[in-house]
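**Student:** Next input, structure requested:
(one chain, ligands or ions: 2)
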Amino acid sequence: AQLEKPSHLDKLNPQQRRAVEHGVGARATAPAGPLLIIAGAGSGKTNTLAHRVAHLILNGADPRRILLMTFSRRASVEMSRRVERIARTVLGGNGASIDALAWAGTFHGIGARLLREYCEQIGLDPAFTIHDREDSADLMNLERHALGFSKTETRFPTKGTCLAIYSRCVNAEQPLDDVLNSSFRWCAAWAKELKELFAGYVEAKQRQNVLDYDDLLLYWAQMMGDPALAADVGGRFDHVLVDEYQDTNRLQSSVLLALKRDGRGLTVVGDDAQSIYSFRAATVRNILDFPKHFDPPAEVVTLDRNYRSTQPILAAANGVIDLAAERFTKNLWSDREAAERPRLVGVRDEADQARYIVERVLENREAGALLKHQAVLFRASHHSGPLEVELAQRNIPFVKFGGLKFLDAAHVKDLLALLRFAENPRDRVAGFRLLQLLPGVGPTTAQRVLDRMHASTHPVSTLEEVPTPARVVNAEWSDFVSTVVALHAGGAGWPAEIAQARAWYDPHLERLHEDASPRRADLLQLEQIAAGYPSRQRFLTELTLDPPDATSDEAGPPLQDEDYLILSTIHSAKGQEWKSIFVLNVVDGCIPSDLGTGTTAEIEEERRLLYVAMTRAKDDLHLMVPQRFFTHGQAVNGDRHVYAARTRFIPNALLKLFEATTWPMASAEDRARSAAQGVRINVGARMREMWR
Ligand code: ATP
Ligand code: MG
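**Tutor:** Ligands and ions are numbered 1, 2, ... in the order given. Okay, here's the model as predicted:
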C-alpha cells in the first residue's frame, strides 16, 4: 500500500528519480546492475543517494546489508545525516529501521572495522592499534635515525616527506621509482635509501602490531585478493553506495570493485570537476572509467539542475571552471534568480580582511541569519589566524574544521599514548613518547627499555623486571610501571580507567606545562568523550579515525543548540553548503598555493579547489583579495608579508560576473594611518590597479 503513494519521489526531478528508482522494481529481489551518477556541484547528488537508500529500504532492502562510504570524514558525516533525515521522513513510523544502517563511514573507518572482524583469518593480531599521520611520521623518524639517514651530509628528506612518498606508493599502487619520478623528483637521488627505510618502516609496524591509515586500505585490499574472503565480505552487503567517488584512489577503487565484481548493487556518485585529492593519490580516472568495468556497462545518470546557488553565483563558478584545461561536460543551470553578483572584495591586508568579514557576519546575523549558516573557507589552515584573533576579540564563537585538532595537543597525545601503550605494549611510538615523560628518561634510555620489552613475548611482565633506569627517581619508576601493568590488565574498567591514567599523568602535566589548568579541562573533556564508547579499543580506533574538531573554546566542542561561525579549509568543506560564504586570500600564492606552482596538473587542481569553494554558497559569496598577505615561505628583506595579485583563475574577462569593490573606502585618514604604520604602498592606486 505504501508503494501507491510515492510522495517522497515527487520532489525529485526526472533524472534524480531515475537514479533513485534504478533497478528497484516491484518484484526486484536481486540488486540491480551498477549505477553511476556523475554531475556538477549542488545538483543533488548526495540528496539523490540518500533518497535511493531510503527507497531501497522502503522496498524491502535490509539496512544491515547496506554499505555507505565516502572518502573524507566530513563528507561521511554529511551523508549519514541526510540519509537519516530523508529516511525518517520517508519511512515515517518505520524510522526505527534506519538505526540498523550500521555500515556507513569513510573507507578507512569501514576498513578498520572489517579488519578487526577478519583479523584472525588474515593473520593479524587482534590487539593492533592504529597510528594517525603524526604517529606514522614519528615511527618513520625512528627508523630514519636507526638507519643513520638523518645524519648524512646532504639533506635527506624530512620524516613528513618520507611518509608522503611512502603513502603515495601505497595509495597509487605505484613502484617507488615511478612515484619519485612523477611527484618527488628532488628526492630521486635517495631512491636506494628510501627503499631501505620503507622496508624498515613496514617491518617495524608489523613487529609492533600497529597499522597506519594506509594499511587499513592495503590490508583490506589484500584481504579482498583472496577469493573466498572477498566472497564472504562482499556477500554481507546487498547494496554498496559511494559518494564523492572522484576522490577515491586506486586502492579504494580496487577494494570497491572486489566487493562487487559484477557490479550488482553498486552505486557510485561524484563530480569530476571537484576532484581535489590527487595529493593523496586520488585519480579522476576511477569515476570516468567506472562504467567500462562491467558488461553490460554501468547505467549513467547525469544531473544538470543546480538547486543550491543563485544564478549569479553559479554563473561565476561556471566561468571559473570553464577556463579549465580539461573539459567538463556539465552545463549546470539554476532558476534561483537574484540581483546580487558574487563580490570580489579588495582589502589592504589580512587584518582588514578579518574586519570586513566580522562586520558582514554580524550584519547578516542582525538580518536574521544564524552564524552557523555562514562559513569562512581557506586554502591552508594557517590562513585563518588573523581572523581567529579578530573573532575572539569580538566574542564571536566559531568552530574550525580541518585545522589543528584537539587530539594534536601535546597533553591529549600524552594521555592517549598511555592508553595505547596499555592496549598494545608493542606500540613503540606510544612507548617512546610515554617513557620520555619521566624526568631522567631521554631517547636512549627509552629505546633501551623498549628494546628489552620487545625482545620478550610478554612485554609487560618484562617491563616489571626492568630496574629503575639511572637518573630516574625510584618511586616515579615504580609508579609508572604499576600504572601500565594495571591498565594493561583492564584497570579500573572502562571508562573509569581514564581517571586512573589522568591521576598518573597529572604531576607530569603540572611540571611540563605552565598553563596546566585549561589542559586539565581538556583531559576531563576527553574522559567525557570516552564515556561514549563501549571499550578502550573502540575508543582508540574511532578517535584516531574520526577526531573531534577544534573549537574556539577550551571547554571543547560546542553543544548542538549553540550558534557559531564555521571556519574550514576548502578540502574539509566538501559536499556541504551555507547561506553565505567568505573565501580568504583569493590571490596568487594562496589559490593557487605557492606549493602548487609546479606542474599544470597541480595548478588545475587548485582551480577546481576554487570551484569547490565557490559552489558551497547558496545566497551570497565574498571572495577576499588582500593586497598583502603573510607567507610561510621565503622572507624578503626580513619581511614575511608579500604583495599579492588577484588569483589567475579570475582573469579580467571574468570580472563582469562579479561585483568588484574595495573595503574600506580609502579615505585620507586611512592613508595617513597606513603611512604612520609604515605601509609603503599607495592604497588607492593599487586598489584601482587590482581590477583593471
Ligand atoms: P556537491 O557536489 O557539492 O556535493 P550535491 O550534488 O551532492 O553537491 P546536494 O548537496 O545533494 O548536491 O544538493 C544541493 C542542494 O540542493 C541541497 O540543499 C538539496 O537539498 C537541494 N536539492 C537537491 N535536489 C533537490 C530537488 N529535487 N528539489 C529541491 N531541492 C533539491
Ligand atoms: Mg554531495
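**Student:** Every contact and neighbour count from this point should use C-alpha atoms.
**Tutor:** OK.
**Student:** gap between Asn209 and Thr129?
**Tutor:** 7 Å (Cα to Cα, to the nearest Å).
**Student:** Is it correct that Asn331 falls within a strand?
**Tutor:** No. Counting by DSSP: H, G, I helix; E, B strand; the rest coil, Asn331 is located in no strand; its state is coil.
**Student:** who's in contact with it?
**Tutor:** Shown in contact with Asn331 (Cα atoms under 8 Å, 6 or more residues apart in numbering): Asp304.
**Student:** and the helix or strand containing Val202, what does it pack onto?
**Tutor:** Take DSSP states H and E as the rule and Val202 turns out to sit in helix 191-208. Under the contact definition 3 or more Cα pairs under 8 Å, 6 or more residues apart in numbering; DSSP states H and E, helix 191-208 sits against helix 133-147, helix 176-183.
**Student:** Need the winner for burial among those helices.
**Tutor:** helix 133-147 (a mean of 19; mean count of other Cα atoms under 10 Å).
**Student:** Touching it from outside, list them.
**Tutor:** Taking Cα under 8 Å, 6+ apart as the rule, helix 133-147 contacts 150-151, 159-160, 162-163, 197, 200-201, 212-213, 428-429.
**Student:** can you do 6 Å?
**Tutor:** 150, 159-160, 429 (Cα atoms under 6 Å, 6 or more residues apart in numbering).
**Student:** How about stretch 378-397?
**Tutor:** So stretch 378-397 is contacted by 354, 403, 564, 569-570, 583-584 (Cα under 6 Å, 6+ apart).
**Student:** Tell me where the stretch 301-450 of the chain has strands.
**Tutor:** 343-347, 374-378, 398-401 (DSSP state E, counting those that start in this stretch).
**Student:** would you turn those strands into TSV with mean neighbour count, mean pLDDT and distance to Arg452?
**Tutor:** Rendered in TSV, the data for the strands of the stretch 301-450 of the chain read as follows (neighbours: other Cα atoms under 10 Å; pLDDT from 0 to 100; distance: least, Cα to Cα, whole Å):
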stretch	mean neighbour count	mean pLDDT	distance to Arg452
strand 343-347	23	96	60
strand 374-378	26	96	47
strand 398-401	23	83	41
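**Student:** Redo these as CSV? Include distance to Val642.
**Tutor:** Output for these, formatted as CSV (distance: least, Cα to Cα, whole Å):
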stretch, distance to Val642
strand 343-347, 14
strand 374-378, 18
strand 398-401, 26
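**Student:** give me the low-pLDDT residue ranges for this protein?
**Tutor:** For the chain, the stretches flagged by pLDDT under 70 are 1-6, 26-29, 92-100, 151-154, 329-330, 402-408, 546-561, 594-598, 631-641, 665-692.
**Student:** Could you find the closest non-adjacent residue to the spatially most central residue of it?
**Tutor:** The chain has Ser72 as the residue nearest its centroid, 5.0 Å off, counting by Cα atoms, centre = their mean. Distances taken as Cα to Cα, 6 or more residues apart in numbering place Thr106 nearest to Ser72, at 6.2 Å, with adjacent residues excluded.
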